[in-house]
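>>> Got a sequence here, can you model it:
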Amino acid sequence: MTCTIIDDEPKNVRVLRTMLEEYCPEITSISEATNPQEGIQVIRQFKPELVFLDIEMPYGNAFDLLDQLVPVEFEIIFVTAFNNYMLKAFKYSALDYLLKPVNIEELKSSVKRASERIRSRNINHQLDNLLQNFKKQNDSLQKIALPSKEGFVFISMEDIVRFESSSGYTFIHTKNGEKFISAKNIKEYEDILPDSVFFRIHNSHIINLHAVKKYHRGRGGYVEMIDGSMIEVAIRRREEFMKKFSF
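Residues are numbered from 1 along each chain as shown. Model prediction:
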């Protein structure tokens, strides 16, 4: 998980960061802010999966911050020095909280619960994506889950221009110019992509046939894609490629 700590006391931030680094291996990166406005900027920049949020701060409270980020797309653990009836409301609303000074065991338990909620949310997104794909007859309208810093991004296959293999990774290029990096090799993508839409034109490239702009003759030839990229057609794949366009 990626997380952000928002607390107006730098000492509290340092202590919590140290505890997370030492006792919570689920946390892979930590960003910080010391007031609500800075917190909003940090959250928008780093898009954390989990936010540790102090309730009372000099220039606004936690709820002022959250009001500006609706819909909230991260898990929240409130951190507060106030032990009163409000904490019951957090508990019954399935929100989590920690009392200052933070207890290590309670911190570990809260992080574990947040991790489970994030995992559950991601699984539900994936299942929903799978069900939607089953309902769609047109392969090009299906979606594929691509990795991102926050978890997964679901992209319509029709929005993908090409898959490019490099150094064991796969770079996915989209029509709007975005580029995603996946640890899956290109063969894994070849196996799951619909061959009515995508074609392995070269060892290092799978292209969206609907995104081909031009074909240039040559020994094997090369294609010009709608994103301006020029991709060689492997000689042994040329004939099959031409058949895709009824040549």
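>>> Could you check the pLDDT of residue 20?
Confidence at residue 20, expressed as pLDDT, is 96.
>>> Over to the closest residue to it other than its chain neighbours: give its phi and psi.
Leaving aside its sequence neighbours, residue 20 sits nearest to residue 27 (CB to CB, 6 or more residues apart in numbering; 4.9 Å). From N, CA and C alone the C-beta is placed, and that goes for glycine too. Backbone torsions for residue 27, taken as degrees, to the nearest 10, come to phi -80, psi 120.
>>> Would you agree residue 27 is in contact with residue 19?
No - between residue 27 and residue 19 there is no contact, the gap being 10.0 Å when judged by CB atoms under 8 Å.
>>> which of those two has more neighbours?
residue 27 (20 against 17; other CB atoms under 10 Å).
>>> Flag the shaky bits of the chain, pLDDT-wise.
Scanning the chain for pLDDT under 70 picks out 83-95, 122-141, 148-151, 247.
>>> again, only this time at 50
85, 92 (pLDDT under 50).
>>> In it, what residue spans correspond to helices?
Listed in chain order, the helices of the chain (DSSP state H) span 10-23, 36-46, 62-67, 86-92, 104-135, 186-192, 235-244.
>>> any idea which of these is most buried?
helix 36-46 (a mean of 17; mean count of other CB atoms under 10 Å).
>>> okay, now the domains of the chain?
Here the domain assignment for the chain is 2-122, 139-244, based on automatic domain parsing.
>>> Dump the helices of the chain to CSV, plus distance to residue 218.
Putting the helices of the chain into CSV (distance: least, CB to CB, whole Å) gives the following:
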stretch, distance to residue 218
helix 10-23, 55
helix 36-46, 45
helix 62-67, 58
helix 86-92, 66
helix 104-135, 37
helix 186-192, 23
helix 235-244, 10
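>>> right, so of those, which gets closest to residue 228?
Nearest of the helices of the chain to residue 228, taken as CB to CB: helix 235-244 at 19.6 Å.
>>> elements contacting the closest one?
strand 198-202 (3 or more CB pairs under 8 Å, 6 or more residues apart in numbering; DSSP states H and E).
>>> And the contacts of the strand it packs on?
Strand 198-202 is contacted by residues 157, 163, 186, 190, 206-209, 223, 231-234, 237, 240-241, 244 when judged by CB atoms under 8 Å, 6 or more residues apart in numbering.
>>> do stretch 45-54 as well
1-9, 12, 16, 27, 29, 31, 39, 43, 62, 65-66, 73-80, 98, 111, 114, 118, 149-151.
>>> Can you measure across stretch 167-183, start residue to end residue?
When the termini of stretch 167-183 are compared using CA to CA, to the nearest Å, they are 10 Å apart.
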